[in-house]
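S.K.: Dropping a prediction and its sequence here:
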Amino acid sequence: QVQLVESGGGLVQAGGSLRLSCAASGTIFSINSMGWYRQAPGKQRELVATITNGGNTNYADSVKGQVSISRDNAKNTVYLQMNSLKPEDTAVYYCTATLAKYRGGNYYGYWGQGTQVTVSS
């Protein structure tokens with residue numbers, strides 16, 4: 001089985017910073033892209049940022065300049081550094097990874113259970 005476990009969420013004041021981590025474990029042969037999505041109360045889940053195994057990044061327009069995504073391929077871990085947080089950044093943040101469990105296998109998407117980020121004004 002594959003598990004994605006997020007950590008680093010919590011309560012922070014507006015203007016503060018948080019660093020989220022997500023570690024993938026289990027039967028993994030290769031991870032292609034990893035990323036972060038978020039879902040605020042009453043809203044649809046939306047993209048925050050993604051990163052390929054080669055380090056190419058993609059950010060939602062709403063967070064460009066505010067967040068930075070990185071990964072450690074050796075640890076199968078992706079990070080999200082969030083700065084200048086605003087109350088509207090309050091959401092559950094989900095980690096995602098597109099990976100193959102075996103050599104020659106298909107790549108499938110997996111999700112973590114989510115970590116709550118709450119930004120107080």
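M.R.: Sure thing, it's come through.
S.K.: Spit out the contact partners of A49.
M.R.: Shown in contact with A49 (Cβ atoms under 8 Å, 6 or more residues apart in numbering): 35-36, 57-60, 63, 67-69, 80. For glycine as for every other residue, the C-beta is placed from the backbone atoms N, C-alpha and C.
S.K.: Equivalent analysis for L80, please.
M.R.: By Cβ under 8 Å, 6+ apart, the contact set of L80 is 19-20, 36, 48-49, 67-69, 93.
S.K.: hmm, back to that, now the contacts of A49: which count as buried?
M.R.: 35-36, 59-60, 63, 67-69, 80 (16 or more other Cβ atoms under 10 Å).
S.K.: Show me which of the residues you listed is closest to F29.
M.R.: Using Cβ to Cβ, G35 comes nearest to F29 of the buried ones among the contacts of A49, at 19.1 Å.
S.K.: what number of residues lie near the nearest residue to the closest one once chain neighbours are set aside?
M.R.: Excluding its sequence neighbours, the residue lying closest to G35 (Cβ to Cβ, 6 or more residues apart in numbering) is T50, at 3.4 Å. If you count neighbours by other Cβ atoms under 10 Å, T50 ends up with 20.
S.K.: right, and T50 touches N58 too?
M.R.: Yes. At 4.8 Å, T50 counts as touching N58 under the criterion of Cβ atoms under 8 Å.
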